[in-house]
Structures are given as structure tokens and as C-alpha cells.
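J.: Predicted model and sequence below, questions to follow.
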Amino acid sequence: MLEIRQVNIDDRNAVIQLWHDCNLVVPWNDPQKDFQRKLDDGADLFLVGELDGCIVASVMGGYEGHRGWANYLAISPDHQHRGFAKSMMAELENQLKALGCPKINLLVRNTNIDVIEFYQSLGYTVDASVSLGKRLIPDN
């Protein structure tokens, strides 16, 4: 059974390795900095899933008073298709609802059809909006 809990500093290496294993790390984002930034911002919605004492799942959630967000949902390749991603998202959604969060948003590259279909199976829909971004602090 997957045990879901809040991340802690001792999880850093295992979580970052998980992100690498799931191909979530891109050259313009430093995973060490992303991990630390979330700890500094408040790790209450940064969750990991453990199985037999090993971290096999993570999701980094956030809430800024208007919308909740999910980032870095990762399930170890050896542990996929067991319902762990659904469990991680359900726990994040429950915690966001408890905070009074009315809606959760997430970003998926439009070429990642399998992931889009996964989120649609959880009730997520494509919003009619455009995502814009601006890098304020370069990671490299």
C-alpha cells in the first residue's frame, strides 16, 4: 500500500532521482533549486508516496488563494499503472479542498497525449486559455 506523506529535506536525493527517472527534468529548470524553492515556500502540499520505505511517487502542489496547482507528478517507471498517480492526485486535491481551494490547474505539454488522457480520466478538462511564462531567475 502506498503511504503518502509530506516531503522533508531528507527526501531530496530520492525525489530528484525520481524526477530524472520520469524524464521530468528539463535543461532550463534546476531540480535542486526547484526542490529547495518549494521547501522554502512551504512544503505542506509537496507530497511523496512511499512503498516499502522507498519513495516511488511525488507531486508538488501549491495554492495562492485563487487556484491550486500541481507540478512534478512522478511515479517510478517500475511502479506505474498501479493507481499511484491517481492516489497522489486525490490526496493533493483533498488537501487543496480542505484549504478552500476552488479549482486546480496544471500544465501538460500538448504533445504528451498519454498524460493528457490520464488527467482527463480524473475529470480534468482542457481550459480555453493560453499559458504564458516569463523567466525571472535563470537556473543555468
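T.: Perfect, I can see it now.

J.: quick check: longest helix of the protein.
T.: Longest helix of the chain, by residue count under DSSP state H: helix 84-98.

J.: So which bits of that helix are buried?
T.: 84, 85, 87, 88, 89, 91, 92, 93, 95, 96 (16 or more other CB atoms under 10 Å). The C-beta positions use only the backbone N, C-alpha and C, and glycine is treated the same way.

J.: farthest-separated two in those residues?
T.: Across the buried residues of helix 84-98, the longest distance by CB to CB is 18.7 Å; it joins 84 and 96.

J.: about what we covered before: tell me which of the buried residues of helix 84-98 is nearest to residue 53?
T.: Nearest to residue 53, judged by CB to CB, of the buried residues of helix 84-98 is residue 84 at 15.3 Å.

J.: Can you verify my assumption that the closest one contacts residue 77?
T.: No: between residue 84 and residue 77 there is no contact under CB atoms under 8 Å: 11.6 Å.

J.: For the longest strand along the chain, name the packing helices and strands.
T.: Identified as the longest strand of the chain according to DSSP state E is strand 54-63. Strand 54-63 is packed against helix 12-21, helix 31-41, strand 46-51, strand 68-75, helix 84-98, with contacts defined by 3 or more CB pairs under 8 Å, 6 or more residues apart in numbering; DSSP states H and E.

J.: Apply 10 Å and report the result again.
T.: Where contact means 3 or more CB pairs under 10 Å, 6 or more residues apart in numbering; DSSP states H and E, strand 54-63 is packed against strand 3-6, helix 12-21, helix 31-41, strand 46-51, strand 68-75, helix 84-98, strand 104-106.
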